[in-house]
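Participant: Generate coordinates for the sequence data below:
(2 chains)
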2 protein chains.
Amino acid sequence: MSSIPAADERWIAATYRVRSAADAIDARAQAIALEQSIEAPLAAVRNARVLREVVAQVASVTAVAPDVFDVSIRLAVETTGFEAGQLLNMLFGNTSLHDDVVLVDAEFPVSFVAHFGGPRFGIAGIRKLTGAHGRPLTCSALKPQGLPPAELAAIAGTFARAGIDVIKDDHGLADQASAPFAQRVRAVQRAVDDANRDTGGRSIYAPSLTGHYGQMADQLVKAREAGAQMILVAPMVSGAGSLAALARGCGMPIVAHPALAGVTRIAPPLLLGKLFRLFGADATIFPNAGGRFSWSPEACCAIAHAARAPWDGVAPMLPVPAGGMTVARVPEMHARFGDDTMLLIGGSLLVARDGLAARARDFVSAVRESGGKP
Amino acid sequence: MSSIPAADERWIAATYRVRSAADAIDARAQAIALEQSIEAPLAAVRNARVLREVVAQVASVTAVAPDVFDVSIRLAVETTGFEAGQLLNMLFGNTSLHDDVVLVDAEFPVSFVAHFGGPRFGIAGIRKLTGAHGRPLTCSALKPQGLPPAELAAIAGTFARAGIDVIKDDHGLADQASAPFAQRVRAVQRAVDDANRDTGGRSIYAPSLTGHYGQMADQLVKAREAGAQMILVAPMVSGAGSLAALARGCGMPIVAHPALAGVTRIAPPLLLGKLFRLFGADATIFPNAGGRFSWSPEACCAIAHAARAPWDGVAPMLPVPAGGMTVARVPEMHARFGDDTMLLIGGSLLVARDGLAARARDFVSAVRESGGKP
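Facilitator: Model (predicted):
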């Protein structure tokens, strides 16, 4: 992905798609620029430096359809304080309250990107950890919520014995009475360790960290003590700042979950792709076309592209298509997303019930045997 | 607001407004119930307790317009782990990814509400702190971002000398180089203290806490040291869990800001009204009708109602209409929202420039003189 040349290191270029009558769009664009920076009329600004260096600037207005315009606005880097939540705030905080605007893209200066650093492990790091090379990775989820730790652990053991690379908590698992975090993580990790010992495999367990950052940091300590090697985070629930802080310090790959990410107001390739990657997610789960969610194949490919495209030394992030996928769809998903993908199949393995182990093995075999892209 | 009778303490009643053909709505309703609980087909569930006590249940489906239905779903309290972010996750995490669904309301058991506790100060606590009784409170915002601490402090001093009750950071102020948090808060608080000493007034300064919870907790310490008596938080940026944790421990009123709250997918009276109140916000800012945002008078009254309606001993929260308001609109806003309201006017005071002090005094006088509701 292109970044802004060094000469403009002080500005982020955000693109908003705005519904507006043609004769009103210039004023609307200027209003967005003020809303997303000084949040006051220009007449209220008496400080010359603020006018010159802080007020956002309308760079271009382009008609893309009748009464629909792409407005490119330059936002001052300094207003973000280099903090993930504050970046979202400056990109879309108040404008998210206007239902005629979608945030469709953003481009960042090289030095700004370097400050966040992106994925610390990325695709290569996750492959190294799992030993999975030359094919898509496999992933499944521990569910349903409400099971006691021992039953979740039994499912995890079955997945690990089948050779599934990454076994993650369902994003609905938090710190509930039915399976408190510490007990669950210890039991599941032990089951995965036992399976790996028996099979010689290298399955990885990714527990879900929830709550505010203080709680997540406590859970991380417990996850580490139990031997977990990966974590799951829902950045729009926990706050993007928690993701960025975990990426800086957790020392293991992070899988981002799209819960609460909505659909209509920040374009998914930007939010689940570029921004989660910028903040340091190593893999990003998204609802694949043709499952329980109505996202288009084009939108899903755009997310995968944003996750993996070359970007100023930022490591590529693993795209994880999910949401009602089945073993029968493995060849098609492999063909669409290529090798550098992790295929997540959850519920449709579990409906096999007594046949869970066999269906999990079928999933692993299907991925190894499917051709995929050359 | 009504809560669920004690007999049903184990269930939250969430209402989703769903676009669907009439012959598909029952299946769609059932799919939402599964998505927002076990996230798997029923056939995948082997544990009888999970089927009985954890799987969400469709309570009713009501046609509200052609191809539009209100679906009421019972979500198990235990799945929330009594954590604010996880509650949002269970209410709307994955379903936020479906653009045919809006989360319109939720009702909680009495014991669940008691667990969160709601506003610790509420309207009465903010009135006590400011000494403002028998009229709406006045509020203004420090802006534009980009100013050095001394210039923000000068504006704050002018507001305090004019007798404005609450002076808050603009929500765009974070921990930026132009006005680092600690320096800004010290300078602004000192200016407000000096003004209060001179005038005998009791203006309060509310700095904005940003970043992840660890950073917010550090900033809280600095704010306390400086003498601040109120804080501003944007829960959808920082994560709802940070708001709930601050409400438990910060010891001062919290003003919630709607940044990143979107509009179209969680009804504002639920999110900015009921949920922010549940989590412990003492005041909630929302874009008032007729300003820079296009929200209807009805939506704004519904937010104010959700903020203040009787609710099982939960303290009422102060509604704060804002977003392009002017002194000329004070009587109309007072009449619409009544005395138990805080009127926030920011930019339109600042455009007075050299006349800032006079216009701020006009604001304070207009509120004292306006009749309001009987």
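
Participant: A:Asp8 and A:Pro109 touch, don't they?
Facilitator: Yes. With contact defined as CB atoms under 8 Å, A:Asp8 counts as touching A:Pro109 (6.5 Å). Just so you know, the C-beta spots here come from the backbone N, C-alpha and C atoms, and that holds for glycine as well.

Participant: A:Gly313: which element?
Facilitator: A:Gly313 belongs to no helix or strand when elements are defined using DSSP states H and E.

Participant: Tell me which residues touch it, please.
Facilitator: By CB atoms under 8 Å, 6 or more residues apart in numbering or on different chains, the contact set of A:Gly313 is A:Ala114.

Participant: and if you look at the one 3 residues further on?
Facilitator: Counting by CB under 8 Å, 6+ apart, A:Pro316 makes contact with A:Pro119, A:Gly122, A:Ile123, A:Ala307, A:Arg308, A:Ala309, A:Pro310, A:Asp340.

Participant: cool, A:Glu78 as well?
Facilitator: Taking CB under 8 Å, 6+ apart, one finds A:Arg10, A:Glu53, A:Val54, B:Gly146, B:Gln176, B:Ala177, B:Ser178 in contact with A:Glu78.

Participant: Just give me the neighbour total for the nearest residue to the last one once chain neighbours are set aside.
Facilitator: Across the structure, with CB to CB, 6 or more residues apart in numbering or on different chains as the measure, the residue nearest B:Ser178 apart from its sequence neighbours is B:Gly146 (5.1 Å). The number of residues packed near B:Gly146 is 27, by other CB atoms under 10 Å in any protein chain shown.

Participant: for the one 3 residues further on, same thing?
Facilitator: Using other CB under 10 Å as the criterion, B:Pro149 is surrounded by 20 other residues.

Participant: What separation is there between it and chain A?
Facilitator: B:Pro149 sits 13 Å away from chain A, going by CB to the nearest CB, to the nearest Å.

Participant: Contacts only, for A:Ala13.
Facilitator: Neighbours of A:Ala13 in contact, by CB under 8 Å, 6+ apart: A:Ile4, A:Ala59, A:Ser72, A:Ile73, A:Arg74, A:Leu75, A:Ala106, A:Glu107.

Participant: Domain-wise, how is chain A divided?
Facilitator: A:6-116, A:122-369 (automatic domain parsing).

Participant: from the ones you listed, which stretch is densest packed?
Facilitator: Of the domains of chain A, the one with the most neighbours on average (mean count of other CB atoms under 10 Å in any protein chain shown) is domain A:122-369, at a mean of 22.

Participant: ok so, going back, give me the subset of the contacts of A:Pro316 lying in strands.
Facilitator: Using DSSP state E to define strands, no part of these is located there.

Participant: for the stretch 1-150 of chain A, what are the low-confidence residue spans?
Facilitator: A:1-7 (pLDDT under 70).

Participant: Now do the helices in it.
Facilitator: Ranges of helices within the stretch 1-150 of chain A are A:25-35, A:48-49, A:84-92, A:110-116, A:122-130, A:149-162, based on DSSP state H, counting those that start in this stretch.

Participant: now, which of the contacts of A:Pro316 sits nearest chain B?
Facilitator: Nearest to chain B, judged by CB to the nearest CB, of the contacts of A:Pro316 is A:Ala307 at 16.9 Å.

Participant: Tell me who's in contact with the closest one.
Facilitator: Taking CB under 8 Å, 6+ apart, we find A:Ala307 in contact with A:Gly273, A:Arg277, A:Thr284, A:Pro316, A:Met317, A:Leu318, A:Pro319.

Participant: where do the strands sit along the stretch 151-300 of chain A?
Facilitator: Listed in chain order, the strands found in the stretch 151-300 of chain A under DSSP state E, counting those that start in this stretch are A:166-169, A:204-206, A:231-233, A:254-256, A:283-287.

Participant: of those, which approaches B:Ala141 most closely?
Facilitator: The minimum distance between B:Ala141 and the strands of the stretch 151-300 of chain A falls on strand A:231-233, with 32.1 Å, by CB to CB.

Participant: Could you check how far A:Pro136 is from B:Ala195?
Facilitator: 64 Å (CB to CB, to the nearest Å).

Participant: biggest helix in chain A by residues?
Facilitator: helix A:181-199 (DSSP state H).

Participant: Let me know the angle separating that helix from helix A:149-162.
Facilitator: Using axes from the mean of the first three to the mean of the last three CA atoms, to 10 degrees, the direction of helix A:181-199 lies 30 degrees away from that of helix A:149-162.

Participant: Wondering if helix A:181-199 reaches chain B at all.
Facilitator: No. Judged by CB under 8 Å from any CB of the partner chain, helix A:181-199 makes no contact with chain B; its nearest approach is 8.9 Å.

Participant: who's in contact with that helix?
Facilitator: A:142, A:149-150, A:152-154, A:156-157, A:160-161, A:163, A:167, A:169, A:173-175, A:201-205, A:207, A:219, A:222-223, A:226-228.

Participant: Those: which ones sit near chain B?
Facilitator: Among these, the ones lying near chain B by CB under 8 Å from any CB are A:Ala174, A:Asp175.

Participant: any chance of the domains of chain A in TSV, plus distance to B:Ile254?
Facilitator: Shown next, in TSV, are the domains of chain A (distance: least, CB to CB, whole Å):
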stretch	distance to B:Ile254
domain A:6-116	17
domain A:122-369	14
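
Participant: Tell me who's in contact with A:Val54.
Facilitator: Taking CB under 8 Å, 6+ apart as the test, what A:Val54 contacts is A:Ser37, A:Ile38, A:Ala76, A:Glu78, A:Thr79, B:Pro144, B:Gln145, B:Gly146, B:Ser178.

Participant: was I right about the first one contacting B:Gly172?
Facilitator: Yes. The pair A:Ser37 / B:Gly172 is scored as a contact, 7.1 Å apart, by CB under 8 Å.

Participant: Appreciated, that's everything.
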